[in-house]
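Enquirer: sequence unknown, structure follows:
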């Protein structure tokens, strides 16, 4: 199993006394550039530590929010390409849905791959619903545009003998010939995320690495949908490295401290959900059928525990969050057991995306969280033998 | 195409009198058709078309009312290639050809009025009069001044406050509505964004082309509209050669809903129907 340390690079000082949203319209007067600067340097120090400890690293991108200052993932990836020595660098995700110019994406990512000497994992996502207001890219048909951009980027990275042209519905270029071309051949590994069986199946057919984020004990059906798509296309079951899961991680050498760290890191969940309702569901992001259910108040809650209880992640206790598989929390042995149990439940889960810093977790605690995890849990996870996932009956 | 006295059966399909689907360019178009006389083509706003709206029978009392749901709205088909109001304007030219409409009174509200203007600048050969109520579609303000409230960044209750003189008219109880009706609400919202997301709710070129509309034009304006401001409507009117501006009181962005009798009276008097 690979383990990637992830933080959203948040700006917690703006979380107090918010006006009902932390995103989109929260005025940027509230982000003090001096404090932001200190926070950025802290987060990059923690990634550098993760690299030294033998972990891989992951970052993401969001816009106009106090929950994530990483408004351009390429800046972060560039820093990491230079300050880390051996870690895989995963961006999950690069939001193609918000980019009007996929040529720029191809050039940026190829350059990061070269500077890192072939350590980039490219995760492409469509972008979260509330950021279509800011980017002003059309949420309607975003997936058509997403695959057009994805296909163009792959072609740009794999065409070497002459410039090519591209005149699709969404993008027009006449002489594409990117310098430099990627370090990894034929191109860096491609990842994406899913929240639905339909899109999971599509990712399986394309063979991309697939991540789910905090889906807990609702994860297995998504992995199985991926397996169906993969088997249909490739005629064999996918290996565990095709699957990734993002969960919060808080480990300590005793349960009381672990519980405290679990509470701190879990503050991420309610804060992440503070979005003014007018931005939460732009037209075309959900299908008409899903919107009908939403309008009628019929959407099912997403997060279930192993024994079938549904919990509200924003107010759940540490134990509830552990029971749902959203948080892995405890002593090193406990955390190892929880992660392995989850991987067994999934039928194989080859990449743990651990939020090792989130919420109000301090730098000192984060450093200890990462260090203890890397020394006591990671070696055992590297030895863990993944189950062979089977298709659901 | 001959504009003779003979009425040829158009190749693209004919609307049956009972309001069944009209087929234009292979698309099944949900259409309300009532009344008799000169044709009145009613182009609905972004929220769609309610067959029970009082204004429809009032207009149909003196005209052959033809009220389609635009492609992608209501239950009308959508051709994947249609992504702009330009596409819709060519569609409506085709629809008028398919039905061989002549001396048509074209009436549009809001987004439907934008479509009407985009169609009229291309050809008014089949039109006699144009009515546009609380129209969107042009740019009046400078680059830092948005003319049109961002309806995609507000909840239903806030839209109702901006759009209606009586916001209670904007309330909907989705749980008690038929599934097809709720689906139409969701579909209309998606289609409106498909056609009008960016540039937002306008065509930067349209204002410079409005001089091509040479038929008599009436700009109706629900004075309580807070999605648009009255100066926007007056600028729209000033850009069309033969246009006059008539306010409608106690109505907002959708005057055909809030003042159906006044709306119908103004339209029919203007068109001499």
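Expert: Thanks, I have the structure now. Keep in mind it's a predicted model, so treat the numbers as computed, not measured.
Enquirer: which bits of the stretch 51-200 of chain B sit near chain A?
Expert: Listed as neighbours of chain A in the stretch 51-200 of chain B under the rule CB under 8 Å from any CB of the partner chain: B:83, B:150, B:152-155, B:158, B:174-175, B:179, B:182-183, B:185-187, B:189-190, B:192-194, B:197-198, B:200. (Glycine included, C-beta is placed from N, CA and C.)
Enquirer: what number of residues lie near residue A:37?
Expert: Residue A:37 is flanked by 10 other residues according to other CB atoms under 10 Å in any protein chain shown.
Enquirer: And residue B:81, by the same measure?
Expert: In terms of burial, residue B:81 registers 8 neighbours under the definition other CB under 10 Å.
Enquirer: With adjacent residues omitted, what lies nearest to residue A:137?
Expert: Nearest non-adjacent residue to residue A:137, counting by CB to CB, 6 or more residues apart in numbering or on different chains: residue A:98, 5.4 Å away.
Enquirer: quick one: the one you found and chain B, what's the gap?
Expert: 12 Å (CB to the nearest CB, to the nearest Å).
Enquirer: Okay, that residue and residue A:350: tell me how far apart.
Expert: The spacing between residue A:98 and residue A:350, counted by CB to CB, to the nearest Å, is 28 Å.
Enquirer: what's the answer for residue A:28, then?
Expert: Taking CB to CB as the criterion, residue A:28 is separated from residue A:350 by 39 Å.
Enquirer: Give me the contact list for stretch A:44-58.
Expert: Here stretch A:44-58 makes contact (CB atoms under 8 Å, 6 or more residues apart in numbering or on different chains) with A:2-7, A:59, A:76, A:79-80, A:83-92, A:353, A:356-357, A:363, A:366-367, A:370-371, A:373-375, A:378.
Enquirer: just how off-centre is that stretch within its chain?
Expert: Averaging C-alpha positions (CA atoms, centre = their mean, to the nearest Å) puts stretch A:44-58 16 Å from its chain's average.
Enquirer: Show me which positions of that stretch end up buried.
Expert: A:44, A:46-51, A:53, A:55-58 (16 or more other CB atoms under 10 Å in any protein chain shown).
Enquirer: for residue B:32, helix, strand, or coil?
Expert: strand (DSSP: H, G, I helix; E, B strand; the rest coil).
Enquirer: what's around it, how many residues?
Expert: For residue B:32, the number of neighbouring residues by other CB under 10 Å comes to 20.
Enquirer: Residue B:64 is in contact with that one, correct?
Expert: No. Taking CB atoms under 8 Å as the definition, residue B:32 is not a contact partner of residue B:64, at 11.4 Å.
Enquirer: who touches both of these two?
Expert: The contact sets of residue B:32 and residue B:64 do not overlap (CB under 8 Å, 6+ apart).
Enquirer: Now, the buried residues of stretch A:44-58 that are in strands?
Expert: Among the buried residues of stretch A:44-58, the ones falling in strands (DSSP state E) are A:56-58.
Enquirer: In TSV, list those residues along with distance to residue A:176.
Expert: Output for those, formatted as TSV (distance: CB to CB, whole Å):
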residue	distance to residue A:176
A:56	31
A:57	30
A:58	29
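Enquirer: Close to chain B: what parts of the stretch 51-200 of chain A are there?
Expert: So the stretch 51-200 of chain A meets chain B at A:133, A:136-141 (CB under 8 Å from any CB).
Enquirer: Show the buried residues in the residues you listed.
Expert: Buried among these (16+ other CB under 10 Å): A:133, A:137-141.
Enquirer: where's the dip in pLDDT among those residues?
Expert: In terms of pLDDT, the least confident member of those is residue A:133, at 92.
Enquirer: what's the helix or strand for that residue?
Expert: Element membership for residue A:133 (DSSP states H and E) is helix A:132-135.
Enquirer: can you give me the helices in the stretch 101-250 of chain A?
Expert: A:102-115, A:132-135, A:142-158, A:197-206, A:220-234 (DSSP state H, counting those that start in this stretch).
Enquirer: Quick one, grab the pLDDT at residue B:242.
Expert: Residue B:242 is assigned 86 on the pLDDT scale.
Enquirer: Likewise for residue A:383?
Expert: 97.
Enquirer: Quick check: it vs residue B:213, distance?
Expert: Residue A:383 sits 76 Å away from residue B:213, taking CB to CB as the criterion.
Enquirer: Those two: who's more crowded?
Expert: It is residue B:213, of residue A:383 and residue B:213, that has more neighbours when counted by other CB under 10 Å, with 23 against 8.
Enquirer: wait, that one sits on residue B:130?
Expert: Yes. Checked against CB under 8 Å, the pair residue B:213 and residue B:130 is within contact range at 6.5 Å.
Enquirer: Residues that sit against both of the two, list them.
Expert: B:117, B:120, B:124.
Enquirer: Looking at those residues, which are in helices?
Expert: B:117, B:120 (DSSP state H).
Enquirer: and of the shared contacts of residue B:213 and residue B:130, the nearest to residue A:165?
Expert: Checking the shared contacts of residue B:213 and residue B:130 against residue A:165 by CB to CB gives residue B:117 as the nearest, at 36.3 Å.
Enquirer: Next, count neighbours for that closest one.
Expert: A total of 30 residues lie near residue B:117 under the criterion other CB under 10 Å.
Enquirer: what's it in contact with, if anything?
Expert: Per CB under 8 Å, 6+ apart, neighbours of residue B:117: B:108, B:130, B:132, B:135, B:137-138, B:206, B:210, B:213.
Enquirer: mind putting the residues you listed in CSV, secondary structure and pLDDT included?
Expert: Formatted as CSV, those follow (DSSP: H, G, I helix; E, B strand; the rest coil; pLDDT from 0 to 100):
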residue, secondary structure, pLDDT
B:108, strand, 98
B:130, strand, 98
B:132, strand, 98
B:135, coil, 98
B:137, strand, 98
B:138, coil, 98
B:206, helix, 98
B:210, helix, 98
B:213, coil, 98
